[in-house]
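Asks: pasting a predicted model and its sequence here:
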Amino acid sequence: MKIYIDPFTYEDPNEAVREFAKEIDISCVKIEQVIGAGEFGEVCSGNLRQPGKREILVAIKTLKAGYTERQRRDFLSEASIMGQFDHPNIIHLEGVVTKSNPVMIITEFMENGSLDSFLRQNDGQFTVIQLVGMLRGIAAGMKYLCDMNYVHRDLAARNILVNSNLVCKVSDFGLSRFLEDDTSDPTYTSALVPVRTAWVRKGGGQLFMVFRGASTFDASLGCPQALTFIFHSKQGHLHCVHSLKDHQNRVTPGSHWTLKRSVINAIEQDYRLPPPMDCPSALHQLMLDCWQKDRNNRPKFSQIVSTLDKMIRNPNSLKALTPLSSSVHLPLLDRNTPDFSSFSTVDEWLDAIKMGQYKENFVNEGFTSFELVSQMTTEDILRVGVTLAGHQKKILNSIQSMRAQMNQITSVEV
């Protein structure tokens, strides 16, 4: 497989543009309307008609007038990057216009725009399988980039584009970085750039979707690295896939950092957000896997693609919903939690997790089978009489593991 070549390693960056991007005559390009604005200029829709080819709809990024040579180089570097990729889930570069003004980058046109806006505008219109299919496409695109030793650095729903067939494609390569083959160290950004998921509603509830960027913190929980840096490695770990919501319109001066400290403290105590309402248990388990504190325990993009493929092939695995209250912060799954299938009674399980003092409480409240215990909410834990926060955490942790193990068994049986 090809390996990505950083255009900034060229002594003359224009050489990289010539090598990786096709020059298009400006007479072949017709700009129709402005559809957005980028860092360097406007983004337009238009038509491209090259000799011997049919006319196609395209997106056109233009470089604003009065640019410096450095701005021109940085603008065209994205084309030098995109031109090296060929994958159905990566935005396709048609070519560049560098010999006329305005300087342009021309790509395929994605009819439904950015994923975050598309989900908001079509709230509640998608099936779970459609959403998982979109997730799968994004993960496949990211796996391809990882295989090329390429790091995107700004994976966010606003940078995922959606076409008329609901195919999601990774775009916006302005913040990307190359990983050297001779180092096993991760690459970090210097800025605090959290990542959040986009959620969409289904009926009266919410469904988890995927990756959205945020500029500031809210009291939501992601992986530890997201609090101080964004982690990327050539192994292709998905380091953070949950909600660190944009708080900038609601915090008062000074409250931001206090809030951030509370988030850090919660994450250091292994707490993670519960699933959104109507989120399939299997998807939430994948989220939890991506939030493992030890990055070596997080799945690679190849594993994420495989997991999502299995869900698509077996839709029944997406029918089970996590019953826990959406308002409660859950502790992260402890991988040292015993296998519940090795116990024949609830009493044995409580003894194994050193919570045997609550055996009579569980019996009195009717939680006498693993099926009933696996459906317990935080309110149920309190009703049973578990009032100590540490004990609540330990029991919820084990119930979460129990539920995940049950889902795996159910999937195998189906």
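Replies: Nice, thanks for sending it over. Numbers count the residues shown, from 1 in each chain.
Asks: which SSE is residue 404 in?
Replies: Per DSSP states H and E: residue 404 is located in helix 389-413.
Asks: average pLDDT for that helix?
Replies: For helix 389-413, mean pLDDT rounds to 73.
Asks: name the helices or strands packed onto it?
Replies: Here helix 389-413 touches helix 281-290, strand 330-331, helix 370-373, helix 378-384, going by 3 or more Cβ pairs under 8 Å, 6 or more residues apart in numbering; DSSP states H and E. All C-beta atoms are positioned from the backbone trio N, CA, C, and that covers glycine.
Asks: what distance do you get for residue 391 to residue 4?
Replies: As for residue 391, its distance to residue 4 is 50 Å (criterion: Cβ to Cβ, to the nearest Å).
Asks: correction: the previous question concerned residue 397.
Replies: Note on residue 397: its distance to residue 4, by Cβ to Cβ, is 40 Å.
Asks: just for this structure, where's the confidence low?
Replies: Within the chain, the ranges that satisfy pLDDT under 70 run 175-263, 277, 322-340, 407-414.
Asks: what ranges does the stretch 251-400 of the chain have for its helices?
Replies: Along the stretch 251-400 of the chain, counting by DSSP state H, counting those that start in this stretch, helices occupy 255-268, 281-290, 301-313, 346-352, 359-364, 370-373, 378-384, 389-413.
Asks: out of those helices, deepest packed?
Replies: For those, the largest average neighbour count (mean count of other Cβ atoms under 10 Å) is found in helix 281-290, namely a mean of 22.
Asks: quick one, that helix and helix 389-413 angle?
Replies: Helix 281-290 runs at 120 degrees relative to helix 389-413, counting by axes from the mean of the first three to the mean of the last three Cα atoms, to 10 degrees.
Asks: CA-only coordinates of helix 281-290 in CSV, if you can.
Replies: Taking Å, rounded to 0.1, in the frame of the first residue of the first chain, the C-alpha atoms of helix 281-290 are listed here in CSV:
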residue,chain,number,x,y,z
SER,A,281,-26.2,-1.6,24.1
ALA,A,282,-23.7,-2.9,21.5
LEU,A,283,-22.9,0.6,20.3
HIS,A,284,-22.5,1.9,23.9
GLN,A,285,-20.1,-1.0,24.6
LEU,A,286,-18.0,0.1,21.6
MET,A,287,-18.0,3.7,23.0
LEU,A,288,-16.8,2.3,26.4
ASP,A,289,-14.0,0.4,24.6
CYS,A,290,-12.9,3.6,23.0
